[in-house]
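# everything below, folded, please.
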Amino acid sequence: MIIAFKFAAAATYCLFIATGCATLPDTQFLSERYIAQAAHFKDAWGSISAKRSAAIVEKLKQKSGDIDILDKQIALEQEIVGSPLVVGNKVILLQDGPATYQAMFAAIRKAQDHINLESFTIEDNDVGQQFADLLIERQAQGVQVNLIYDSYGTIGTARTFFDRLAQAGIQVLEFNPINPLLIKKSWTPNNRDHRKLLVVDGHTAFLGGINISNAYSTGSSIRRKEEPVDQTRGWRDTDIQIEGPVVAEFQKLFLQTWNKQHGKTLAQRNYFPLIAPQGKEIIRAIGSTPDDPYSLIYLTLIAAITNAEKQVYITNAYFVPDPQLLNALLDAAGRGVDVRLILPSYSDSVVAFHAGRSHYSELLKGGVKIYERQGALLHVKTAIVDSVWSCVGSSNLDWRSALDNDEINAVILGRDFAQQMQAAYFRDIANSNAIELEEWERRPLLLRLKEWTARLWGRMF
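So this is what the prediction gives:
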């Protein structure tokens, strides 16, 4: 019954999507204009002096080798995004559901002041109930819990699940209700909250691709090449845990969403505590919404690829690229950059899967290396550029993430974290099949037909 309901809702939703008229920004300026402005950083006490900022950049360069991605990227990001690069943070790389949920539960149990949770999907199953029970327990202990969930992403979750949370005193907000009778502003059904964000006491944040669902409870396992694909092995995903001053930037994004959705006035809590440095990582928080003139996350990624000198390593679950992204990847490969894509070998979105595959021939001919992850459903959204620029978040490489969704990503500058990311990247490559052009060109006609059809519908998914 639920499956039939979700299918009908999805079919109706496609009609809404078709009415969208948003367009992607022109990214030509990224290669034509480079403004050599000085880098500006913040720490727990505010803006850092120009002299200290210059010293930070110089130290990064010394660690990162003979590359100038830092100068270009910092300048372009400052112009595009506006949010500061914040020093003094600690970042923990979390892979797959079990590790991420365990870390989240530990942070929630330690909460003393507030918990802000935002998720596209929250399911009423074992994992969802674990979250619900723990949040209710903390609320009962005087910790204020505030929850944002997406109306479409939770369409299969009974309203009684959220009613139970609200009755316990948790502030619950439904993002952009599908039902037009419930909205408090103009009805924009295309706009969905695809973010996954948890902020605890204003000093710890979690973000990435993981929803609250049993699909992530088993994690992903590494299989030997000769083993058959077992689609029950769980979802492969990546999140990060951040401690430090930059958490305030993610907190701002949560509160902006709450206010934009006309949520009830939140209880007074210490949402922005003064946080001393917790580590050495430099991080920029980036949020995108359809209300922005253009997708900040999209432009940031294009800028990083455009400025790449050595490597571009991307992992993404839903690869439905627009012409500008394709050109950026092909241009990078054409100038000798090692461009690699890890994409899914199967997907929960058949249209997105085949639409992405429809671009393989062009990319392979242009020198881009493509791998399909085996043994688990790939749901990762990460990028690594020149072993110094890393990005982790909720944003897919499709039209919806660029135009219609609220998304949230973190950009981390520095070689140490990039090395961790690259180690994880090559573990995924070891568990992937490389797509070879000669073999790909011999694929069956039926697959080509599916790709052609999916490409026509790709803008809607």
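# would you map the helices across the stretch 201-350 of the chain?
Chain-ordered helices for the stretch 201-350 of the chain, with DSSP state H, counting those that start in this stretch as the definition, fall at 247-260, 296-307, 323-334, 350-357.
# out of these, which is the most enclosed?
Across the helices of the stretch 201-350 of the chain, the average number of neighbours (mean count of other C-beta atoms under 10 Å) peaks for helix 296-307, which reaches a mean of 24. Backbone N, C-alpha and C define where each C-beta goes, glycine included.
# who are the packing partners of that helix?
helix 29-32, helix 69-80, strand 281-288, helix 323-334, strand 381-385, strand 389-393, helix 399-403, strand 405-413 (3 or more C-beta pairs under 8 Å, 6 or more residues apart in numbering; DSSP states H and E).
# quick one, that helix and strand 381-385 angle?
30 degrees (axes from the mean of the first three to the mean of the last three C-alpha atoms, to 10 degrees).
# contacting residues for I342?
I342 makes contact with 313-316, 371-373, 378, 380, 425, 428-429, 432, according to C-beta atoms under 8 Å, 6 or more residues apart in numbering.
# quick revisit: can you say which of the helices and strands packed on helix 296-307 is nearest to D124?
D124 lies closest to strand 405-413 among the helices and strands packed on helix 296-307, at 22.9 Å (C-beta to C-beta).
# now I178: phi and psi?
With angles defined as degrees, to the nearest 10, I178 sits at phi -60, psi -40.
# coming back round to it: with distance to N116 and mean pLDDT added, can I get the helices of the stretch 201-350 of the chain in a markdown table?
Shown next, in a markdown table, are those (distance: least, C-beta to C-beta, whole Å; pLDDT from 0 to 100):
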| stretch | distance to N116 | mean pLDDT |
| --- | --- | --- |
| helix 247-260 | 5 | 97 |
| helix 296-307 | 20 | 89 |
| helix 323-334 | 32 | 96 |
| helix 350-357 | 30 | 95 |
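# in JSON lines: these, plus distance to A55.
Listed next are the helices of the stretch 201-350 of the chain as JSON lines, based on distance: least, C-beta to C-beta, whole Å:
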{"stretch": "helix 247-260", "distance to A55": "22"}
{"stretch": "helix 296-307", "distance to A55": "22"}
{"stretch": "helix 323-334", "distance to A55": "30"}
{"stretch": "helix 350-357", "distance to A55": "43"}
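# of these, which is nearest N125?
helix 350-357 (23.3 Å).
# elements contacting that closest one?
Contact partners of helix 350-357 among helices and strands, from 3+ C-beta pairs under 8 Å, 6+ apart: helix 445-457.
# now the helix it packs on: buried residues?
By 16 or more other C-beta atoms under 10 Å, the buried positions in helix 445-457 come out as K450, E451, A454, R455, W457.
# elements contacting that helix?
helix 350-357.
# other residues contacting whichever helix or strand comes after the helix it packs on?
Next along the chain after helix 350-357, taking DSSP states H and E as the criterion, comes helix 360-365. Outside helix 360-365, the residues that touch it by C-beta under 8 Å, 6+ apart are L326, L329, L330, L341, I370, I435, E436, L437, W440, E441.
# any stretches of this protein with poor pLDDT?
Residue ranges of the chain with pLDDT under 70: 1-46, 48, 50-54, 56-82, 183-185, 218-233, 458-461.
# how does it divide into domains?
Domain assignment for the chain, taken from automatic domain parsing, gives 17-88+282-460, 91-260.
# could you dump these to JSON lines with distance to Q268?
What follows is the domains of the chain, written out as JSON lines (distance: least, C-beta to C-beta, whole Å):
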{"stretch": "domain 17-88+282-460", "distance to Q268": "22"}
{"stretch": "domain 91-260", "distance to Q268": "9"}
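# nearest to F272, out of the ones you listed?
F272 lies closest, by C-beta to C-beta, to one member of the domains of the chain: domain 91-260, at 5.4 Å.
# please list all residues in contact with the closest residue to Y298 other than its chain neighbours.
Leaving aside its chain neighbours, Y298 sits nearest to A402 (4.4 Å; criterion: C-beta to C-beta, 6 or more residues apart in numbering). A402 sits next to L24, S288, S295, I297, Y298, D322, S395 when contact means C-beta under 8 Å, 6+ apart.
# what's near enough to touch the last one?
For S395, the set of contacting residues under the criterion of C-beta under 8 Å, 6+ apart consists of H194, S288, I297, Y298, K381, S401, A402, N405, E407, I408, N409.
# bridge partners for the second one, pull those for me.
In this structure, S288 has the following beta-bridge partners (DSSP bridges): E407.
# so it sits right up against E407, yeah?
Yes - assessed by C-beta atoms under 8 Å, S288 is found in contact with E407 at 4.8 Å.
# tell me, what's touching those two both at once?
S295, I297, S395, S401.
# next, count neighbours for the last one.
Right, the one you point to is S401. Residues lying near S401 (other C-beta atoms under 10 Å) number 25.
# and the closest residue in space to it that isn't next to it in sequence, which of the three is it?
Using C-beta to C-beta, 6+ apart and skipping the chain neighbours, the partner closest in space to S401 is S395 (4.5 Å). The three-state assignment at S395 reads coil, by DSSP: H, G, I helix; E, B strand; the rest coil.
# so how far is N405 from S395?
Going from S395 to N405 by C-beta to C-beta, to the nearest Å gives 8 Å.
# likewise I242?
From I242 to N405 the distance is 21 Å (C-beta to C-beta).
# ok, back up a step: so which of the helices and strands packed on helix 296-307 gets nearest N214?
strand 381-385 (20.5 Å).
# thinking again about what came up before, quick one: the contacts of S395 as JSON lines, columns for distance to L135 too.
Below are the contacts of S395 laid out as JSON lines (distance: C-beta to C-beta, whole Å):
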{"residue": "H194", "distance to L135": "21"}
{"residue": "S288", "distance to L135": "27"}
{"residue": "I297", "distance to L135": "28"}
{"residue": "Y298", "distance to L135": "33"}
{"residue": "K381", "distance to L135": "25"}
{"residue": "S401", "distance to L135": "27"}
{"residue": "A402", "distance to L135": "32"}
{"residue": "N405", "distance to L135": "24"}
{"residue": "E407", "distance to L135": "24"}
{"residue": "I408", "distance to L135": "20"}
{"residue": "N409", "distance to L135": "25"}
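# for those, which one is nearest N146?
Distances from N146 to the contacts of S395, taken by C-beta to C-beta, are shortest for I408, at 15.9 Å.
# what's near enough to touch the residue lying closest to that closest one once chain neighbours are set aside?
Distances taken as C-beta to C-beta, 6+ apart put R195 closest to I408, at 4.3 Å, once the chain neighbours are dropped. For R195, the contacting residues are E118, S119, F120, L207, L253, T257, G287, S394, D406, E407, I408, by C-beta under 8 Å, 6+ apart.
# show the contacting residues for the one residue sitting closest to the centre of the chain.
Geometric centre of the chain, nearest residue: S394, 1.8 Å, by C-alpha atoms, centre = their mean. Contacts for S394 (C-beta under 8 Å, 6+ apart) come out as F120, H194, R195, K196, L207, G208, G209, K381, S401, E407, I408, N409.
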